[in-house]
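J.: sequence unknown, structure follows:
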């Protein structure tokens, strides 16, 4: 199969699955309805379908991460310092696994669980465990739909073994930098911020993208500048997704219609899919734009006849907070790391 034909098949698979699950979630008004398209957007950008054993392993891991995490944070509710330490330690493990070239879906599930579950526990107490089961059900649905999609629209690519590189020093620095960058957010979310669940999801998606940045052959200085540039591209992609959601909403206020909503969503998702497989270096970030769009527009328009301005504005606010926070926090940590590296270089030069 030629490369353009393979890219078209990938884009078609992505569009049908992400749009289809979005449309069904909208029509049925499912709880946390945006989660299935979010998981599918990450799943269908992989070059190969997940093996059954790997899918079951991911599902088991998600059960431990979400359901077990819910009861863990319920137990730690009375000890914020210990809860923060557990979150930071687990985030470090997730970042470390991602920096080693680990599967991005495991990293995404871990980050969403670590950032979202404490908020669900704040809001619902033991009910957070029930919401954890809802998230796991969304992941199971995404894995099943993805498997069927790969079967109906198979790829001609040859399977390749997943690399497991050693963790270079500058990648270990990335792990420490990302944990330090996210600590202020963890502290802020502990202060009764249960009404910011989307902020946690957005931050998790952004951090997973930054964790996955590959710079195997670059030195520390090149790596730090690279991650800063990619962070800016990621922020721009999410801003474009937000702009597309805003335009969709404004059009719908002029002509409210479920048919129009679904047509606009299909057009945006198909455009993102075409960009992802366009062959351009920044095409992968179109997936982030698509994720932001689906989260923002999904659910907020469950009733076109009602006033949803406040709900949509709240979603935009949380997207804005996430993009600004991740970019600024990572930029500050990267600048500090660059300054420390320059200081070390000058010291070694003077000693030599």
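T.: Right, received. Where do you want to start? A quick note: this is a predicted structure, and the numbers were derived from the prediction, not measured.

J.: who touches stretch 285-294?
T.: 18, 22, 34, 37-38, 41-42, 45, 202, 205-206, 209, 233-234, 236-238, 240-242, 244-245, 248, 265, 268-269, 272-273, 275-276, 319 (CB atoms under 8 Å, 6 or more residues apart in numbering). For every residue, glycine as well, the C-beta is placed using N, CA and C.

J.: quick one, what contacts residue 278?
T.: Applying CB under 8 Å, 6+ apart, the residues near residue 278 are residue 7.

J.: Can you classify it by secondary structure?
T.: What DSSP: H, G, I helix; E, B strand; the rest coil gives for residue 278 is coil.

J.: quick one: the strands in the stretch 1-150 of the chain?
T.: Shown for the stretch 1-150 of the chain, no strands are assigned by DSSP state E, counting those that start in this stretch.

J.: sorry, back to before: where strands are concerned, which of the contacts of stretch 285-294 count?
T.: Members of the contacts of stretch 285-294 lying in strands (criterion: DSSP state E): none.

J.: Helices of the stretch 251-352 of the chain, start to end?
T.: Along the stretch 251-352 of the chain, counting by DSSP state H, counting those that start in this stretch, helices occupy 258-276, 286-297, 309-351.

J.: quick revisit: among the contacts of stretch 285-294, which ones are in helices?
T.: Among the contacts of stretch 285-294, the members falling in helices (DSSP state H) are 18, 22, 37-38, 41-42, 202, 205-206, 209, 233-234, 236-238, 240-242, 244-245, 248, 265, 268-269, 272-273, 275-276, 319.

J.: show me where pLDDT drops low in the stretch 151-300 of the chain?
T.: 157-174, 210, 212-231, 281-282, 284, 298-300 (pLDDT under 70).

J.: which of the contacts of stretch 285-294 count as buried?
T.: 18, 22, 34, 37-38, 41-42, 45, 202, 205-206, 209, 234, 236-238, 240-242, 244-245, 248, 265, 268-269, 272-273, 275-276, 319 (16 or more other CB atoms under 10 Å).

J.: Compare the helices of the stretch 251-352 of the chain and give me the one nearest residue 118.
T.: helix 309-351 (15.9 Å; CB to CB).

J.: Packing partners of the closest one?
T.: With contacts defined as 3 or more CB pairs under 8 Å, 6 or more residues apart in numbering; DSSP states H and E, the packing partners of helix 309-351 are helix 169-190, helix 197-211, helix 220-254, helix 286-297.
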